[in-house]
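Colleague: Sequence first, then the predicted structure:
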Amino acid sequence: MLETKTLVKICGITSIEQAVQVAELGTNAIGIISVDESPRYISPEKKKIIFKTLKDLYPNVERVSVVKNSPIDSIIKGFLGEPNETIIQLHGDEDIDYCQKLKKRIPDVGLWKAFRIKNKKDLEKIKPYENFIDAILLDSWNKETYGGSGKRIKQQYLEDLSFSKPWWIAGGVSTEWIVEILKNIKPNGIDISSSVETSPGIKDIHKVGLIIKEIKNTNF
Ligand SMILES: O=C(O)c1ccccc1NCC(=O)[C@H](O)[C@H](O)COP(=O)(O)O
């Protein structure tokens, strides 16, 4: 039987140097935060340079723009011409109508929808979206920020999950949690940010290497 490897996304990259180092370590996706209140926010101009560099050097690494409740026109404007991103990750309260409208405007860019899970009921909101998005990302809920909090989703909400689209786990993922995630939760991908940082937006490349290696080398 062919083994399917769990994918890795390193999110909140803010420089070309770190984008290239992280790509070299074997990540499958790199996220850039286009949410202006985030300490990891970078401008459309800088994002364009980073994604263009990744596109040229590591074309197989997904280039993910993370946005939150942005008007569709401002997402398109933020491309500064042709998009260099391969994925838009909607990390706010975007509804299905918004997803459909955005997809119509940019059919060649993948659409991932993040759901911030506060309770069991939040999981029930996902199914209706499934036909209108390309992947699901489950993140934790907290009142201070929409993402990058370092907080985990409660374990009890992560049992027996099944979706018709590939899904990613996010929120407080660190090396201590990887075995449990791979053995029992079994997402298609793992999204990591603050556990591998020295400060918001600055990654500890050694830690990034260790966690990617652990994910890629652990088999169940
Ligand atoms: O990272 C941010 O600062 C951020 C701000 C606003 C919306 C989304 C944001 N990040 C989205 C991500 O995909 C993060 O990787 C995800 O929330 C997990 O972060 P962490 O808990 O720090 O691993």
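Modeller: That came through, no problem.

Colleague: Please count neighbours and contacts with C-alpha atoms only from this point.
Modeller: OK.

Colleague: buried ones in stretch 178-198?
Modeller: 178-179, 181-182, 185-197 (16 or more other CA atoms under 10 Å).

Colleague: chain center to that stretch, what's the gap?
Modeller: Here stretch 178-198 is found 11 Å from its chain centre; the criterion is CA atoms, centre = their mean, to the nearest Å.

Colleague: Tell me the residues of the chain that contact the ligand?
Modeller: Residues of the chain lying near the ligand by CA under 6 Å from any ligand atom: 11-12, 35, 38-40, 91, 139, 146-151, 170-173, 191-194.

Colleague: Now a ChimeraX select for only the buried ones of these.
Modeller: The ChimeraX command for the buried members of the residues of the chain next to the ligand (criterion: 16+ other CA under 10 Å) is given here:
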select :11,12,35,38,40,91,139,146,147,148,149,150,151,170,171,172,173,191,192,193,194
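
Colleague: Just the ones in strands from the residues of the chain next to the ligand, please.
Modeller: Counted as lying in strands by DSSP state E, out of those, are 11, 139, 191, 192.

Colleague: Enumerate the positions of stretch 15-23 that are buried.
Modeller: For stretch 15-23, the buried set under the neighbour-count rule, 16+ other CA under 10 Å, comprises 15, 16, 18, 19, 20, 22, 23.

Colleague: Just checking: what are the partner strands of the longest strand seen in the chain?
Modeller: Across the chain, the longest stretch assigned as strand under DSSP E is strand 110-117. Strand 110-117 has the following sheet partners, assigned by DSSP bridges: strand 87-90 (parallel), strand 135-140 (parallel).
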